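Student: Below are the sequence and a predicted model for it; my questions follow.
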Amino acid sequence: MKEFQDEAVRFAEENDLNSPVEYRALDFMSEAGEVVKDITKSADYGDSPEEVDLKEDEIGDVMFSLFLLADSLGIDVEKAFSKAMNKYRERVDESGDPGSK
């Protein structure tokens, strides 16, 4: 994952896509919102869940914006993901449920 984060950062630098962290956060939320909108609309707002349709590149857009947001905050996505997985594993070990309580 780190290599993908590095690739996104290089691309942003090479193409003058530098933005403050606040804009990075807004861009991430915008991309995530597009995913939710496309899924919701394609499923007719829950009436046709079997019709869910999402283009693969939309998930890529979310990842790209997340990688840049993480970089703006000085966060290594690979380390962050590992910490999250450890947290979920510990929850399952302690309570049998990965959800927070």
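Tutor: Okay, I see it. Residues are numbered from 1 along each chain as shown.
Student: show me where this protein has helices.
Tutor: Using DSSP state H, the helices of the chain run over 2-14, 21-42, 56-72, 77-95.
Student: Tell me how many other residues surround the closest residue to F81 other than its chain neighbours.
Tutor: Excluding its sequence neighbours, the residue lying closest to F81 (Cβ to Cβ, 6 or more residues apart in numbering) is M1, at 6.3 Å. For the C-beta atoms, the positions are set from N, CA and C on the backbone; glycine is no exception. By other Cβ atoms under 10 Å, the residues close to M1 number 15.
Student: Also D61?
Tutor: That count, for D61 with other Cβ under 10 Å as the rule, works out to 17.
Student: Next one: the closest residue to it other than its chain neighbours, what pLDDT does it get?
Tutor: If the residues on either side of it in the chain are set aside, D61 comes closest to E31, at 4.6 Å by Cβ to Cβ, 6+ apart. E31 is assigned 98 on the pLDDT scale.
Student: Check the gap between E31 and S72 for me.
Tutor: For E31, the distance to S72 equals 15 Å [Cβ to Cβ, to the nearest Å].
Student: rewinding a little: just list the residues touching the residue nearest to F81, thanks.
Tutor: Residues near M1 by Cβ atoms under 8 Å, 6 or more residues apart in numbering: 77-78, 81.
Student: Would you show me how to pick out the buried ones of those residues in ChimeraX?
Tutor: Buried residues among the contacts of M1 (16 or more other Cβ atoms under 10 Å), as a ChimeraX selection:
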select :77
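Student: how about CSV for the contacts of M1, with pLDDT and distance to L66 added?
Tutor: Putting the contacts of M1 into CSV (pLDDT from 0 to 100; distance: Cβ to Cβ, whole Å) gives the following:
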residue, pLDDT, distance to L66
V77, 97, 7
E78, 97, 12
F81, 97, 11
